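*Asks:* Below is the sequence, then the predicted model.
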Amino acid sequence: MDNFHTNIYNWYHINKRDLPWRKDRDPYKIWLSEIILQQTRVEQGKNYFYRFAEAYPTVNDLASAHEDEVLKLWQGLGYYSRARNLHASAKIIALQYNGTFPNDYKNILALKGVGPYTAAAIASIAFDLPFPAVDGNIYRVLSRYYGIETPIDSSAGKKEFQQLAEELIRGQNPGMHNQALMEFGALQCVPKSPKCETCPLSDSCFALKNGLVNQLPVKEKKTKQRHRYFYYYIYDMGDSILLDKRSGSDIWQNLYQLPLMEYEKALSDSELLKADLPVKSSQLNIKYISGQKKHVLSHQIIHAKLIYLEVQGNFNNPSPLIRVNKKDISKFAVSRLVEQFLHEAGLGI
DNA sequence: TAGTCGTGGAT
DNA sequence: TATCCAAGACT
(Lines give C-alpha, C1' and ligand atoms only; values in the text may rest on other atoms or scores of the structure.)
Protein backbone atom coordinates (compact mmCIF):
# COMPACT_ATOMS: atom_id res chain seq x y z
CA MET A 1 0.00 0.00 0.00
CA ASP A 2 1.16 3.51 -0.66
CA ASN A 3 1.72 6.39 1.69
CA PHE A 4 -1.83 7.70 1.42
CA HIS A 5 -3.55 4.49 2.42
CA THR A 6 -1.10 3.46 5.12
CA ASN A 7 -1.19 6.80 6.86
CA ILE A 8 -4.94 7.20 6.77
CA TYR A 9 -5.61 3.67 7.95
CA ASN A 10 -3.15 4.06 10.82
CA TRP A 11 -4.70 7.38 11.69
CA TYR A 12 -8.18 5.84 11.60
CA HIS A 13 -7.36 2.96 13.91
CA ILE A 14 -6.09 5.43 16.49
CA ASN A 15 -8.66 8.21 16.09
CA LYS A 16 -11.94 6.61 15.06
CA ARG A 17 -14.92 7.51 17.19
CA ASP A 18 -16.97 4.96 19.05
CA LEU A 19 -20.26 5.54 17.23
CA PRO A 20 -23.47 3.64 17.97
CA TRP A 21 -24.04 2.48 14.40
CA ARG A 22 -20.58 0.92 14.38
CA LYS A 23 -21.48 -1.56 17.10
CA ASP A 24 -22.65 -4.19 14.66
CA ARG A 25 -23.16 -4.53 10.91
CA ASP A 26 -26.92 -4.64 10.79
CA PRO A 27 -27.69 -3.17 7.33
CA TYR A 28 -30.90 -1.65 8.65
CA LYS A 29 -29.02 0.30 11.34
CA ILE A 30 -26.33 1.35 8.89
CA TRP A 31 -28.98 2.54 6.45
CA LEU A 32 -30.75 4.40 9.26
CA SER A 33 -27.54 6.10 10.33
CA GLU A 34 -26.64 7.08 6.77
CA ILE A 35 -30.03 8.70 6.15
CA ILE A 36 -29.86 10.57 9.44
CA LEU A 37 -26.34 11.78 8.70
CA GLN A 38 -27.09 13.20 5.24
CA GLN A 39 -26.11 16.87 5.46
CA THR A 40 -26.07 16.47 9.22
CA ARG A 41 -23.28 16.49 11.78
CA VAL A 42 -22.68 13.35 13.77
CA GLU A 43 -23.28 15.17 17.05
CA GLN A 44 -26.66 16.40 15.83
CA GLY A 45 -27.75 13.06 14.44
CA LYS A 46 -26.63 10.79 17.27
CA ASN A 47 -29.66 11.26 19.51
CA TYR A 48 -32.00 10.74 16.58
CA PHE A 49 -30.29 7.46 15.81
CA TYR A 50 -30.82 6.28 19.40
CA ARG A 51 -34.44 7.38 19.21
CA PHE A 52 -35.18 5.54 15.98
CA ALA A 53 -33.22 2.42 16.89
CA GLU A 54 -35.16 2.14 20.11
CA ALA A 55 -38.59 2.91 18.66
CA TYR A 56 -38.00 0.74 15.58
CA PRO A 57 -35.46 -2.02 16.30
CA THR A 58 -36.10 -3.65 12.92
CA VAL A 59 -37.08 -2.49 9.48
CA ASN A 60 -40.44 -4.19 9.93
CA ASP A 61 -41.12 -2.10 13.03
CA LEU A 62 -40.40 1.04 11.04
CA ALA A 63 -42.52 -0.16 8.14
CA SER A 64 -45.57 -0.70 10.33
CA ALA A 65 -45.40 2.74 11.94
CA HIS A 66 -47.57 5.65 10.81
CA GLU A 67 -45.86 8.43 8.89
CA ASP A 68 -47.04 11.00 11.43
CA GLU A 69 -45.23 9.08 14.14
CA VAL A 70 -42.02 8.83 12.09
CA LEU A 71 -42.12 12.56 11.37
CA LYS A 72 -42.65 13.28 15.05
CA LEU A 73 -39.51 11.32 15.91
CA TRP A 74 -37.69 13.20 13.15
CA GLN A 75 -38.92 16.58 14.39
CA GLY A 76 -36.10 19.12 14.65
CA LEU A 77 -33.64 17.33 12.39
CA GLY A 78 -34.67 19.07 9.17
CA TYR A 79 -34.85 17.85 5.57
CA TYR A 80 -38.02 15.98 6.38
CA SER A 81 -38.21 14.21 3.02
CA ARG A 82 -35.51 11.98 4.51
CA ALA A 83 -38.00 10.74 7.10
CA ARG A 84 -40.77 10.28 4.56
CA ASN A 85 -38.48 8.40 2.19
CA LEU A 86 -37.02 6.33 5.02
CA HIS A 87 -40.48 5.24 5.97
CA ALA A 88 -41.54 4.55 2.38
CA SER A 89 -38.42 2.47 1.77
CA ALA A 90 -38.97 0.51 4.99
CA LYS A 91 -42.36 -0.49 3.65
CA ILE A 92 -40.80 -1.63 0.38
CA ILE A 93 -38.18 -3.68 2.22
CA ALA A 94 -40.82 -5.19 4.47
CA LEU A 95 -43.17 -6.09 1.64
CA GLN A 96 -41.04 -6.70 -1.44
CA TYR A 97 -37.93 -8.01 0.31
CA ASN A 98 -39.76 -9.79 3.10
CA GLY A 99 -37.98 -7.66 5.69
CA THR A 100 -34.49 -8.60 4.49
CA PHE A 101 -32.36 -5.63 3.49
CA PRO A 102 -31.29 -5.79 -0.19
CA ASN A 103 -27.65 -6.81 -0.41
CA ASP A 104 -26.61 -5.51 -3.81
CA TYR A 105 -25.73 -1.99 -4.87
CA LYS A 106 -28.38 -1.61 -7.55
CA ASN A 107 -31.29 -2.54 -5.33
CA ILE A 108 -29.97 -0.44 -2.45
CA LEU A 109 -29.64 2.53 -4.79
CA ALA A 110 -33.22 2.05 -5.95
CA LEU A 111 -34.57 2.74 -2.47
CA LYS A 112 -36.17 6.13 -1.97
CA GLY A 113 -33.86 8.62 -0.32
CA VAL A 114 -30.78 6.56 -1.20
CA GLY A 115 -28.48 8.17 -3.74
CA PRO A 116 -25.02 7.25 -4.98
CA TYR A 117 -23.25 8.17 -1.76
CA THR A 118 -25.63 6.39 0.61
CA ALA A 119 -25.87 3.28 -1.57
CA ALA A 120 -22.08 3.01 -1.64
CA ALA A 121 -21.83 3.57 2.09
CA ILE A 122 -24.35 0.82 2.88
CA ALA A 123 -22.98 -1.58 0.28
CA SER A 124 -19.42 -1.20 1.56
CA ILE A 125 -20.01 -1.03 5.31
CA ALA A 126 -22.73 -3.66 5.57
CA PHE A 127 -21.85 -5.99 2.70
CA ASP A 128 -18.12 -5.48 1.96
CA LEU A 129 -18.88 -4.37 -1.58
CA PRO A 130 -16.17 -2.23 -3.22
CA PHE A 131 -18.11 0.98 -3.90
CA PRO A 132 -16.47 4.28 -2.94
CA ALA A 133 -18.66 6.49 -0.78
CA VAL A 134 -17.97 9.97 -2.10
CA ASP A 135 -19.29 12.49 0.39
CA GLY A 136 -18.33 16.02 1.35
CA ASN A 137 -15.46 14.77 3.48
CA ILE A 138 -13.95 12.84 0.64
CA TYR A 139 -14.26 15.73 -1.83
CA ARG A 140 -12.34 17.83 0.65
CA VAL A 141 -9.63 15.29 1.49
CA LEU A 142 -8.99 14.29 -2.12
CA SER A 143 -9.13 17.80 -3.53
CA ARG A 144 -6.51 18.93 -1.03
CA TYR A 145 -4.25 15.91 -1.06
CA TYR A 146 -4.18 15.64 -4.86
CA GLY A 147 -4.63 19.34 -5.59
CA ILE A 148 -7.79 18.96 -7.65
CA GLU A 149 -9.33 22.33 -8.50
CA THR A 150 -12.31 21.07 -10.47
CA PRO A 151 -15.46 22.36 -8.73
CA ILE A 152 -16.99 19.60 -6.66
CA ASP A 153 -20.51 20.74 -7.53
CA SER A 154 -19.97 20.48 -11.28
CA SER A 155 -20.73 17.34 -13.23
CA ALA A 156 -17.12 17.16 -14.40
CA GLY A 157 -15.97 17.38 -10.79
CA LYS A 158 -18.31 14.68 -9.62
CA LYS A 159 -17.08 12.38 -12.36
CA GLU A 160 -13.43 13.12 -11.64
CA PHE A 161 -13.67 12.57 -7.89
CA GLN A 162 -15.80 9.45 -8.35
CA GLN A 163 -13.19 7.99 -10.68
CA LEU A 164 -10.33 8.76 -8.32
CA ALA A 165 -12.25 7.31 -5.39
CA GLU A 166 -12.87 4.13 -7.36
CA GLU A 167 -9.16 3.74 -7.98
CA LEU A 168 -8.33 4.36 -4.34
CA ILE A 169 -10.70 1.73 -2.96
CA ARG A 170 -9.51 -0.98 -5.33
CA GLY A 171 -8.02 -3.90 -3.41
CA GLN A 172 -8.87 -2.41 -0.03
CA ASN A 173 -11.32 -3.33 2.70
CA PRO A 174 -14.27 -1.33 1.38
CA GLY A 175 -16.12 -0.56 4.61
CA MET A 176 -13.02 0.33 6.53
CA HIS A 177 -11.58 2.33 3.65
CA ASN A 178 -14.68 4.49 3.22
CA GLN A 179 -15.14 5.10 6.91
CA ALA A 180 -11.45 5.91 7.39
CA LEU A 181 -11.50 8.58 4.68
CA MET A 182 -14.73 10.11 5.95
CA GLU A 183 -13.57 10.11 9.55
CA PHE A 184 -10.30 11.67 8.49
CA GLY A 185 -12.18 14.45 6.72
CA ALA A 186 -14.55 14.94 9.61
CA LEU A 187 -11.90 15.16 12.34
CA GLN A 188 -8.53 16.03 10.79
CA CYS A 189 -8.92 17.54 7.33
CA VAL A 190 -11.80 19.79 8.41
CA PRO A 191 -13.16 22.64 6.25
CA LYS A 192 -11.77 25.55 8.24
CA SER A 193 -8.41 25.57 9.99
CA PRO A 194 -7.57 21.94 9.22
CA LYS A 195 -5.04 20.36 11.56
CA CYS A 196 -2.15 20.29 9.11
CA GLU A 197 0.44 20.55 11.89
CA THR A 198 -0.50 17.13 13.18
CA CYS A 199 -1.54 15.61 9.85
CA PRO A 200 -0.01 12.25 8.92
CA LEU A 201 -0.23 13.26 5.26
CA SER A 202 1.51 16.62 5.59
CA ASP A 203 4.62 15.38 3.78
CA SER A 204 2.75 14.53 0.62
CA CYS A 205 -0.29 16.85 0.62
CA PHE A 206 -0.42 18.96 -2.55
CA ALA A 207 -2.53 21.71 -1.01
CA LEU A 208 -0.27 22.11 2.00
CA LYS A 209 2.85 22.16 -0.16
CA ASN A 210 1.35 24.79 -2.46
CA GLY A 211 -0.55 26.94 0.01
CA LEU A 212 -3.92 25.90 -1.35
CA VAL A 213 -5.45 24.40 1.78
CA ASN A 214 -7.87 27.28 2.21
CA GLN A 215 -8.81 27.36 -1.50
CA LEU A 216 -9.79 23.70 -1.74
CA PRO A 217 -12.20 22.22 -2.43
CA VAL A 218 -13.57 24.59 -5.08
CA LYS A 219 -17.31 25.14 -5.11
CA GLU A 220 -18.97 27.28 -7.75
CA LYS A 221 -22.64 27.61 -6.98
CA LYS A 222 -23.92 30.06 -4.45
CA THR A 223 -27.40 29.68 -3.11
CA LYS A 224 -29.89 32.50 -3.31
CA GLN A 225 -32.36 33.01 -0.53
CA ARG A 226 -35.88 34.23 -0.84
CA HIS A 227 -37.81 36.04 1.84
CA ARG A 228 -41.24 34.89 3.00
CA TYR A 229 -43.63 36.36 5.52
CA PHE A 230 -45.58 33.96 7.70
CA TYR A 231 -48.35 34.90 10.11
CA TYR A 232 -49.40 32.08 12.38
CA TYR A 233 -52.62 32.15 14.36
CA ILE A 234 -53.47 30.52 17.63
CA TYR A 235 -57.22 30.02 17.88
CA ASP A 236 -57.54 29.56 21.63
CA MET A 237 -60.77 27.75 22.35
CA GLY A 238 -60.10 27.21 26.03
CA ASP A 239 -58.94 23.63 26.11
CA SER A 240 -58.05 23.33 22.42
CA ILE A 241 -56.57 25.10 19.41
CA LEU A 242 -56.57 24.60 15.63
CA LEU A 243 -53.81 22.82 13.76
CA ASP A 244 -53.28 22.33 10.05
CA LYS A 245 -51.32 19.73 8.06
CA ARG A 246 -48.95 21.06 5.43
CA SER A 247 -49.16 19.47 2.00
CA GLY A 248 -47.90 20.14 -1.51
CA SER A 249 -44.28 20.47 -2.54
CA ASP A 250 -43.36 23.28 -0.17
CA ILE A 251 -41.17 23.15 2.92
CA TRP A 252 -42.19 21.06 5.91
CA GLN A 253 -44.37 18.75 3.83
CA ASN A 254 -46.70 16.62 5.95
CA LEU A 255 -45.78 18.40 9.14
CA TYR A 256 -48.43 20.17 11.20
CA GLN A 257 -48.56 23.88 11.82
CA LEU A 258 -50.67 26.62 13.30
CA PRO A 259 -53.21 28.10 10.86
CA LEU A 260 -51.15 30.28 8.55
CA MET A 261 -51.45 33.31 6.28
CA GLU A 262 -48.53 34.03 3.99
CA TYR A 263 -47.73 37.34 2.28
CA GLU A 264 -45.10 38.58 -0.14
CA LYS A 265 -44.20 41.47 2.12
CA ALA A 266 -44.22 42.22 5.81
CA LEU A 267 -47.48 43.51 7.26
CA SER A 268 -47.51 46.15 9.93
CA ASP A 269 -49.54 45.33 13.02
CA SER A 270 -52.27 47.73 11.89
CA GLU A 271 -52.40 46.04 8.48
CA LEU A 272 -52.47 42.71 10.25
CA LEU A 273 -55.54 43.72 12.21
CA LYS A 274 -57.40 44.35 8.95
CA ALA A 275 -56.00 41.35 7.10
CA ASP A 276 -57.84 38.15 6.26
CA LEU A 277 -57.74 35.34 8.76
CA PRO A 278 -57.04 31.69 7.98
CA VAL A 279 -60.38 30.93 9.61
CA LYS A 280 -63.02 33.65 9.71
CA SER A 281 -65.26 34.24 12.69
CA SER A 282 -67.00 37.18 14.29
CA GLN A 283 -66.32 35.85 17.73
CA LEU A 284 -62.64 36.55 17.97
CA ASN A 285 -60.61 38.63 20.34
CA ILE A 286 -56.96 39.44 19.62
CA LYS A 287 -54.98 38.82 22.77
CA TYR A 288 -51.56 39.77 21.41
CA ILE A 289 -49.28 39.90 18.40
CA SER A 290 -45.74 38.65 18.91
CA GLY A 291 -42.59 40.34 17.72
CA GLN A 292 -41.12 39.28 14.38
CA LYS A 293 -39.04 36.12 14.40
CA LYS A 294 -36.45 35.37 11.72
CA HIS A 295 -36.14 31.71 10.78
CA VAL A 296 -33.32 30.89 8.37
CA LEU A 297 -33.47 27.88 6.06
CA SER A 298 -30.99 26.88 3.39
CA HIS A 299 -32.86 28.70 0.61
CA GLN A 300 -35.39 30.82 2.46
CA ILE A 301 -35.55 33.39 5.19
CA ILE A 302 -38.89 33.32 6.91
CA HIS A 303 -40.10 36.35 8.81
CA ALA A 304 -42.84 35.21 11.11
CA LYS A 305 -45.23 36.53 13.69
CA LEU A 306 -47.71 34.87 15.96
CA ILE A 307 -51.21 36.26 16.46
CA TYR A 308 -52.96 34.94 19.52
CA LEU A 309 -56.76 34.86 19.15
CA GLU A 310 -59.26 34.02 21.81
CA VAL A 311 -62.40 32.39 20.45
CA GLN A 312 -65.61 33.45 22.16
CA GLY A 313 -68.42 30.94 22.41
CA ASN A 314 -68.96 28.15 19.94
CA PHE A 315 -66.81 27.84 16.88
CA ASN A 316 -67.09 25.54 13.92
CA ASN A 317 -63.67 24.77 12.57
CA PRO A 318 -63.64 24.13 8.86
CA SER A 319 -62.01 21.03 7.45
CA PRO A 320 -59.18 20.30 6.79
CA LEU A 321 -58.13 22.12 9.94
CA ILE A 322 -58.26 19.99 13.04
CA ARG A 323 -59.15 20.86 16.59
CA VAL A 324 -56.50 19.61 19.01
CA ASN A 325 -56.65 19.48 22.77
CA LYS A 326 -53.87 21.54 24.31
CA LYS A 327 -52.46 18.53 26.14
CA ASP A 328 -52.13 16.66 22.82
CA ILE A 329 -50.32 19.36 20.83
CA SER A 330 -46.90 17.87 21.48
CA LYS A 331 -47.95 14.65 19.75
CA PHE A 332 -47.91 16.42 16.37
CA ALA A 333 -44.78 16.90 14.32
CA VAL A 334 -44.07 20.58 13.74
CA SER A 335 -41.22 22.66 12.39
CA ARG A 336 -38.77 24.31 14.76
CA LEU A 337 -40.43 27.64 14.01
CA VAL A 338 -43.89 26.46 15.04
CA GLU A 339 -42.41 24.61 17.99
CA GLN A 340 -40.86 27.83 19.24
CA PHE A 341 -44.06 29.82 18.81
CA LEU A 342 -46.04 27.14 20.65
CA HIS A 343 -43.49 27.19 23.43
CA GLU A 344 -43.58 30.96 23.73
CA ALA A 345 -47.37 30.83 23.88
CA GLY A 346 -47.21 28.38 26.75
CA LEU A 347 -48.46 25.50 24.61
CA GLY A 348 -46.88 22.32 23.37
CA ILE A 349 -43.69 21.14 24.96
C1' DT B 1 -28.79 21.24 -14.75
C1' DA B 2 -30.02 24.16 -11.20
C1' DG B 3 -33.06 24.89 -7.63
C1' DT B 4 -34.98 23.03 -3.45
C1' DC B 5 -35.25 20.72 0.81
C1' DG B 6 -33.76 22.34 7.73
C1' DT B 7 -31.24 22.91 11.48
C1' DG B 8 -27.45 24.08 14.30
C1' DG B 9 -22.48 24.49 15.26
C1' DA B 10 -18.14 26.72 14.11
C1' DT B 11 -15.54 30.63 12.83
C1' DT C 1 -23.50 39.45 12.83
C1' DA C 2 -22.67 36.98 8.61
C1' DT C 3 -21.11 33.09 6.34
C1' DC C 4 -20.13 28.46 5.74
C1' DC C 5 -21.55 23.93 5.52
C1' DA C 6 -22.43 19.05 7.56
C1' DA C 7 -21.76 10.84 6.19
C1' DG C 8 -26.90 14.29 -0.19
C1' DA C 9 -31.18 13.35 -2.73
C1' DC C 10 -34.87 14.72 -5.52
C1' DT C 11 -37.12 17.15 -9.26
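*Replies:* Received, thanks.

*Asks:* Quickly note the distance from the residue nearest to A:Ala53 when sequence neighbours are not counted to DNA strand C.
*Replies:* Closest residue to A:Ala53 apart from its sequence neighbours, by Cβ to Cβ, 6 or more residues apart in numbering: A:Lys29 at 6.3 Å. The way it works is simple: take the backbone N, C-alpha and C, and place the C-beta from them, glycine included. Noted for A:Lys29: a distance of 11 Å to DNA strand C, by Cβ to the nearest atom of the strand, to the nearest Å.

*Asks:* Next one: A:Met261, what pLDDT does it get?
*Replies:* Note on A:Met261: pLDDT of 97.

*Asks:* Then A:Gly313?
*Replies:* The per-residue pLDDT reported for A:Gly313 equals 78.

*Asks:* That one: how many residues sit nearby?
*Replies:* Neighbours of A:Gly313 under the rule other Cβ atoms under 10 Å: 8.

*Asks:* That one is in contact with A:Gln283, isn't it?
*Replies:* Yes: the pair A:Gly313 / A:Gln283 is scored as a contact, 5.2 Å apart, by Cβ atoms under 8 Å.

*Asks:* Which parts of chain A are strands?
*Replies:* Counting by DSSP state E, chain A has these strands, from start to end: A:226-236, A:240-245, A:256-257, A:260-263, A:284-289, A:293-296, A:300-311, A:322-325.

*Asks:* Could you check how far the spatially closest residue to A:Lys287 that is not a sequence neighbour is from DNA strand C?
*Replies:* Ranked by Cβ to Cβ, 6+ apart and with sequence neighbours excluded, the top spatial neighbour of A:Lys287 is A:Tyr308, at 4.3 Å. As judged by Cβ to the nearest atom of the strand, A:Tyr308 and DNA strand C stand 25 Å apart.

*Asks:* Might one say that A:Tyr308 is in contact with A:Ile234?
*Replies:* Yes: counting by Cβ under 8 Å, A:Tyr308 touches A:Ile234, with 4.8 Å between them.

*Asks:* any residues in contact with both of those two?
*Replies:* A:Ala345 (Cβ atoms under 8 Å, 6 or more residues apart in numbering).

*Asks:* how about stretch A:159-167, does it get close to DNA strand C?
*Replies:* No: Stretch A:159-167 does not reach DNA strand C (Cβ under 7 Å from any atom of the strand); its nearest approach is 11.1 Å.

*Asks:* what's A:Leu111 in contact with, if anything?
*Replies:* Neighbour list for A:Leu111: A:31, A:85, A:89, A:92-93, A:102, A:119 [criterion: Cβ under 8 Å, 6+ apart].

*Asks:* what's the answer for A:Leu73, then?
*Replies:* A:48, A:51-52, A:55, A:83 are the contacts of A:Leu73 under Cβ under 8 Å, 6+ apart.

*Asks:* any idea which of those has the most stuff around it?
*Replies:* Among the contacts of A:Leu73, the one with the most neighbours (other Cβ under 10 Å) is A:Ala83, at 26 neighbours.
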